[in-house]
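Novice: Any chance you could fold what I've pasted below:
(one chain, ligands or ions: 1)
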Amino acid sequence: MLYSLMHKLPLLQMFAGRESLLWQVMIIYNNEQYIGKQLAANLFNRSGVFVLPAYTLLTAEHVRLISQHQIRLEAHDVVQLDNAVYYQLAVDECTAAMERIFEQLRYTKSRRLPMIELRGEVIPFIQQVGEKNDFFGILAALQSKDDYTYRHNVAVGILSTLLGRWLKLRPEELSSLTIAATLHDIGKVMIPSDILAKTEELTAEERELLKKHTTYGYEMIRDTVGTSHMQALVALQHHERMDGSGYPFGVQGHRITDFSKIVAVTDIFHAMTSDRYHRPAAPLYEVLRQMENDVFGKLDPYICRVFINKLMQSMIGNEVLLTDGRTGKIVMILAHDPLHPLVNIDEDFIDLSRHRDLGIVRVLPQ
Ligand SMILES: [Fe+2]
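Specialist: This next block holds a predicted model:
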């Protein structure tokens, strides 16, 4: 409590002499519960001064502004968004914030990360979305627009939070992982933008330069106050592979941290399921099949299997198109062979693990 009050001291001083201290504290604590909700209407203070427009998705910064105006938010001031709208708004806001952070770092040539902005404007939303179990709803919001470089950081943050929960990480480990995953590609601020956005094949020289985002990211996180060594290692190691075929050092699995192995899985998954500058997105099912193959040698087998299993579990009830042109509904996932589930077609139940000639082409939109 004392720490919390000291933390809010600068804000409290702004109210000094106007309202009782207790009232000021109550306003701040009350308003914080509305972070992540959307304003129902334009917001004005008691003197009629315009504060924020309707439909603003409230961040910690907005709540600070509202509290400075001595407005005590109530339930009817905010609206509960439809999940799909909320995911999209939250991911878009975080993506825009990441773009601002990248540009600020590029422009100022600073190598110190703005952790206050990240912890206030980005991480809480990534954690909120990563706590939901609606995998396909979330995935739709993560689809790349023309801002892949920035959206990808947010996507890997959210997917790693989900995967960390599925792996039953402790709460403090999970929040550390969320930050590490969101910052995994931060070293790309040191890479020229034209290389990041290049639509043709990179030259060997450009590829080598791009690989340096791992060591740049490691150094930036290491040199920033308020981050951990484990988080810096994720930036360094997320392209390392179990068999030593990765970069920058080609180390083998036993020298790669668990956080880096988790981020390797979500990084590959989001990169392959997104439209990128140089190639279109691969169908979800193809990506999962590729990842299952990569279990042998490239990715951590346990982490990768948990990801594929849980993802397939969330597909139960979805319509799928089969390789013979028929459509059916997934009714059961087999733990030992999750990519070949039991499918219901009309009156029939087909066990795809026994019909290896048949496969799923894609999941149909619901
Ligand atoms: Fe990367």
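
Novice: what stretches of the stretch 251-366 of the chain score poorly on pLDDT?
Specialist: 277-278, 365-366 (pLDDT under 70).

Novice: ok, His69 touching Asn45?
Specialist: Yes. Using C-beta atoms under 8 Å, His69 is in contact with Asn45, at 4.0 Å. Yep, even glycine has a C-beta here, placed from its N, CA and C like the rest.

Novice: ok, for Gln290, nearest residue in space, not its chain neighbours?
Specialist: Excluding the flanking residues, the one nearest Gln290 by C-beta to C-beta, 6 or more residues apart in numbering is Met272, at 6.9 Å.

Novice: er, Lys261 I mean
Specialist: Ranked by C-beta to C-beta, 6+ apart and with sequence neighbours excluded, the top spatial neighbour of Lys261 is Asp300, at 4.1 Å.

Novice: Assess the claim that the one you found and Glu240 are in contact.
Specialist: No. Here Asp300 lies out of contact with Glu240, judged by C-beta under 8 Å, at a distance of 10.9 Å.

Novice: Identify the contacts common to the two.
Specialist: Ala264 (C-beta atoms under 8 Å, 6 or more residues apart in numbering).

Novice: more crowded one of these two?
Specialist: Higher neighbour count among Asp300 and Glu240: Glu240, with 26 against 20, using other C-beta atoms under 10 Å.

Novice: what does the model give that one for pLDDT?
Specialist: For Glu240, the model assigns a pLDDT of 97.

Novice: Quick check: it touching Val263?
Specialist: No. Counting by C-beta under 8 Å, Glu240 stays clear of Val263, with 10.6 Å between them.

Novice: what about the residue nearest to Gln290, neighbour count?
Specialist: Neighbours of Met272 (other C-beta under 10 Å): 18.

Novice: I figured it was touching Ala281, is that so?
Specialist: Yes. Here Met272 reaches Ala281: they are 7.4 Å apart, a contact under C-beta under 8 Å.

Novice: and the helix or strand hosting Asn31, how far out from the chain's middle?
Specialist: Assessed by DSSP states H and E, Asn31 sits inside helix 21-32. Mean-position distance between helix 21-32 and its chain equals 31 Å (C-alpha atoms, centre = their mean, to the nearest Å).

Novice: and the next helix or strand after that helix, what's its mean pLDDT?
Specialist: Of the helices and strands lying after helix 21-32 in sequence (DSSP H and E), the nearest is strand 38-39. In this model, strand 38-39 has a mean pLDDT of 85.

Novice: anything in contact with each of His69 and Asn45?
Specialist: Val51.

Novice: For the stretch 201-350 of the chain, which segments count as strands?
Specialist: Using DSSP state E, counting those that start in this stretch, the strands found in the stretch 201-350 of the chain span residues 319-322, 327-332, 342-345, 348-351.

Novice: list the contacts for the residue lying closest to Arg112 once chain neighbours are set aside?
Specialist: Spatial nearest neighbour of Arg112, chain neighbours left out: Thr224 (5.2 Å); criterion: C-beta to C-beta, 6+ apart. Going by C-beta under 8 Å, 6+ apart, Thr224 touches Arg111, Arg112, Leu113, Met115.

Novice: are any of those residues buried, and which?
Specialist: Among those, those classed as buried by 16 or more other C-beta atoms under 10 Å are Arg111, Leu113, Met115.

Novice: Phi, psi for the nearest residue to Phe249 once chain neighbours are set aside please.
Specialist: Using C-beta to C-beta, 6+ apart and skipping the chain neighbours, the partner closest in space to Phe249 is Glu240 (7.0 Å). Note on Glu240: backbone dihedrals following degrees, to the nearest 10 are phi -70, psi 150.

Novice: Enumerate every residue touching Glu240.
Specialist: Gly246, Tyr247, Pro248, Phe249, Gly250, Val251, Ile256, Ser260, Ala264.
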